[in-house]
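# for reference, the sequence and a predicted model appear below.
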Amino acid sequence: MLHKVTMLVVCVFAIGMVGGCGSPTVDPGHTPASSHATSTPSATGSAKPTPVAASSPLPPDPTLAPYLARLPHFGPPPTPQPVTLPTGPKAPMYHRLPVNQPVAFLTMDDGQTQLSDAIPLMRAAHIPFTMFLIAPVAARNPGFFRGMEAAGGVIEDHTITHPEMKGKSYQFQHREVCDARTSLEHTFGKTMTFFRPPYGDYDTTTLRAVHDCGLRAAFDWSETVNNGVVYYQTSTHRIQPGDIILMHFRPAFLADVTAALTAIHNSGLTPALLENYVSFQP
């Protein structure tokens, strides 16, 4: 497990306003289990594997218009100066990309809750983002995720069954990573390059399996967003250049996107695409 540190929470509401600070906490729905996680465990206990059953797309949200009105506006991101990945038998793991440019990276996990208004919201936001999807969930409704791709998203690997990976055998982890890559590439006709371990839970075996499955790098996160609140995992209550922001496909998707983008904007940064900021050595 990572060193546990007390986390100060800065609340960013989905309406684009900065609210007050509550008690130190973390995103209660996605407790980092990795030895690199910096937030404290949630009061509900350790995270359990997420069911892979996809929900049906929810009906349009009548409150979409206020979210659209409060989306911050960004200029184009700067020309990327990619980070060169190290070579070796294990994929590198990043919690923040070591960049010098004023950019941050929005990422979305899992895929179970497929809000009808998610696609028009992301189209209106005009920003790039990365989706780490559970392969069987994505395969049950590929049209939704193709719509998210068209709105600026890139699909990446997030396992087959969303298990806790740390401590599992190489064969188990290899199957979770490789089978998910194969499934996602079959469903969407795109090559997967990145991986995120469920719950941020990984070990050296995970990174070896990621490498052996042909993926280039693995990613955790710098901040989380849940129910319209941004949870900072350091004492600096601003998004920093290179930060990777984690949110999920949940009923609060509209609020979470608005909160994340407001926090990025208030920090003087621009959303950029994770895939554009990584360079592969030949």
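Nice, thanks for sending it over. It should be emphasised that the depicted structure is a prediction, and the values quoted were computed from it without experimental measurement.
# list the contacts of residue 271.
74, 77, 103, 104, 105, 106, 127, 128, 129, 261, 264 (Cβ atoms under 8 Å, 6 or more residues apart in numbering). The way it works is simple: take the backbone N, C-alpha and C, and place the C-beta from them, glycine included.
# and those residues, which is the shakiest by pLDDT?
Ranked by pLDDT, these bottom out at residue 77, which has 90.
# report how many residues lie close to the closest residue to that one other than its chain neighbours.
Distance criterion Cβ to Cβ, 6 or more residues apart in numbering; nearest residue to residue 77, sequence neighbours excluded, is residue 272 at 4.1 Å. Neighbour count for residue 272, taken as other Cβ atoms under 10 Å: 27.
# tell me where the stretch 101-250 of the chain has helices.
Under the criterion DSSP state H, counting those that start in this stretch, the stretch 101-250 of the chain contains helices at 118-125, 135-140, 142-150, 170-188, 204-212.
# helix or strand right after the helix or strand harbouring residue 256?
Element membership for residue 256 (DSSP states H and E) is helix 253-266. Next helix or strand after helix 253-266 toward the C-terminus (DSSP H and E): strand 270-271.
# mind listing what that next one pairs with, with the direction of each?
In the sheet, strand 270-271 lines up against strand 103-110 (parallel) (DSSP bridges).
# now the strand it pairs with - C-alpha only, PDB.
Output of strand 103-110 as PDB, limited to C-alpha atoms (Å, rounded to 0.1, in the frame of the first residue of the first chain):
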ATOM      1  CA  VAL A 103      -2.100  21.300 -19.600                       C
ATOM      2  CA  ALA A 104      -4.100  18.700 -17.600                       C
ATOM      3  CA  PHE A 105      -5.700  15.500 -18.600                       C
ATOM      4  CA  LEU A 106      -9.300  14.400 -18.000                       C
ATOM      5  CA  THR A 107      -9.900  10.700 -17.800                       C
ATOM      6  CA  MET A 108     -13.100   8.600 -17.300                       C
ATOM      7  CA  ASP A 109     -13.300   5.100 -16.000                       C
ATOM      8  CA  ASP A 110     -15.500   2.000 -16.300                       C
END
